[in-house]
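Trainee: Pasting the sequence and the predicted model now:
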Amino acid sequence: MLMFTEKDFDVFTIEGLDPRMAGICSTIQPKFQELDEHFAEKLGNQVETEFFVHIAQHRRRTVYPPENTWSALSQKKRGYKMEAHFQLGIWPDYLFMWLSLIDNPKNEKEIAQAFLENQALFEQLDDDFYLSVDHTKPEIEPLKEADLAKHLTRFRDVKKGEFQIGRIIRKTDDLLNDPEKAREYMLKTYEELVPLYQLAIKLQQKD
């Protein structure tokens, strides 16, 4: 059973685009593939749909090595950013499991408004959930401390607004020493986010 280790986080200390990408491809991406296939099956059964695995390839980069990397689960076979999707990714200091709405997804204003009107769905989440409002930066904010309405309003009203919610596992967390428990924690994170995911995807597929 594959799980992330210190070696995966160390990939981001490799200098140069090609060497770091080689490390990402050989060390991190096989774990994305195995874990995402597992999550796709479990979540697919839960929401009665098929999820496809997408792994970031960073093909647009020509000079600077990626500062993080990720994978996604989407109902779209080609691409994923146009719809709400689940992300599994890694920064140098932590893993993340997000419900992700980035890069001007379809019907984002309607989704943001629906989230504003259904904040009880956020209140049902565990205390260790976080928000990310810029997928290009590692800064995150605990949900319980965040001004949720402010972030959702920005997501609705600002063209480049983004919204991601989920959990993280820090690279120093002992949970990573128990692959089975870590995998269960990741899956449970996505399962808790299913009500928000279903609300978003319903609005995106209504047309």
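Mentor: Arrived safely, thanks for sending.
Trainee: Tell me where the longest helix sits in this structure.
Mentor: Using DSSP state H, we find that the single longest helix of the chain is helix 179-204.
Trainee: need the strands for the protein, in chain order.
Mentor: Under the criterion DSSP state E, strands of the chain are mapped to 52-55, 69-74, 85-90, 94-101, 130-132, 141-142, 163-170.
Trainee: what comes up buried for stretch 3-15?
Mentor: For stretch 3-15, burial by neighbour count (16 or more other CB atoms under 10 Å) applies to 3-4, 8-9, 11-12, 14. All C-beta atoms are positioned from the backbone trio N, CA, C, and that covers glycine.
Trainee: go on, stretch 180-199?
Mentor: For stretch 180-199, using 16+ other CB under 10 Å, the buried residues are 182-183, 185-187, 189-190, 192-193, 196-197, 199.
Trainee: With stretch 150-161 instead?
Mentor: 151-152, 154-156, 161.
Trainee: Distance from it to the middle of the chain?
Mentor: Offset of stretch 150-161 from its chain centre (CA atoms, centre = their mean, to the nearest Å): 18 Å.
Trainee: same question, stretch 54-66
Mentor: The gap between where stretch 54-66 is centred and where its chain is centred comes out at 17 Å by CA atoms, centre = their mean.
Trainee: that older thread, out of the buried residues of stretch 3-15, which one sits closest to Glu117?
Mentor: Phe4 (36.6 Å; CB to CB).
Trainee: thinking again about what came up before, could you dump the strands of the chain into JSON lines and include distance to Glu41 and mean pLDDT?
Mentor: Rendered in JSON lines, the data for these read as follows (distance: least, CB to CB, whole Å; pLDDT from 0 to 100):
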{"stretch": "strand 52-55", "distance to Glu41": "11", "mean pLDDT": "97"}
{"stretch": "strand 69-74", "distance to Glu41": "10", "mean pLDDT": "98"}
{"stretch": "strand 85-90", "distance to Glu41": "13", "mean pLDDT": "98"}
{"stretch": "strand 94-101", "distance to Glu41": "16", "mean pLDDT": "98"}
{"stretch": "strand 130-132", "distance to Glu41": "26", "mean pLDDT": "98"}
{"stretch": "strand 141-142", "distance to Glu41": "31", "mean pLDDT": "97"}
{"stretch": "strand 163-170", "distance to Glu41": "19", "mean pLDDT": "98"}
